[in-house]
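Chemist: quick one, fold the following:
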Amino acid sequence: MSLGRKIAQLRKMKDLTQGELAEKLNIHQSMVTRWEKDQVQPKSSSIQRLAEALDASVEDLLHNDEVSPQKKATIRGLENTGLVELLGQVHQLDAGDQEALRAVLDAMLTKRRIQDMVGNRKSA
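Modeler: The predicted model follows:
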């Protein structure tokens, strides 16, 4: 896999737009576009910052293999590779379904935070 495709894949796994990645790197979005299209290669000084922004190592970026499902899970902080794969397909849903999914996930995470707070108070 080319470096450009790897950058695009890792960026999408982090659920970042090209503009958001560019902002993190303090560069113009067109540079990210050019990298992803393999029109130009990132300078060596940009590779480390790029790896950090994408929660990857320099080796991950420069290695020619596809990102494994295990690595995808690690990048996202998830151990469930099936969930990672499903989340990677959310972009295929229409805006209404994406919003519904966001609301469900938000409710579940809010419930978990409340449970954690109540549990912490009991032990205090």
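Chemist: domain-wise, how is this structure divided?
Modeler: 3-80, 93-123 (automatic domain parsing).
Chemist: go through those domains and pick out the most buried.
Modeler: Of all the domains of the chain, domain 3-80 has the most neighbours on average by mean count of other Cβ atoms under 10 Å, namely a mean of 15. For glycine as for every other residue, the C-beta is placed from the backbone atoms N, C-alpha and C.
Chemist: do you know how far the residue nearest to the spatial centre of the chain is from residue 89?
Modeler: By Cα atoms, centre = their mean, the chain has its centre lying nearest to residue 14, at 0.9 Å. Distance, residue 14 to residue 89, by Cβ to Cβ, to the nearest Å: 16 Å.
Chemist: please apply the same query to residue 41.
Modeler: In this view, residue 41 and residue 89 are 30 Å apart by Cβ to Cβ.
Chemist: residue ranges with poor pLDDT in this protein?
Modeler: Scanning the chain for pLDDT under 70 picks out 64-81, 120-124.
Chemist: wait, what's in contact with the residue lying closest to residue 51 once chain neighbours are set aside?
Modeler: Nearest residue to residue 51 in three dimensions, chain neighbours excluded: residue 58, at 4.9 Å (Cβ to Cβ, 6 or more residues apart in numbering). By Cβ atoms under 8 Å, 6 or more residues apart in numbering, the contact list for residue 58 reads 47-48, 51.
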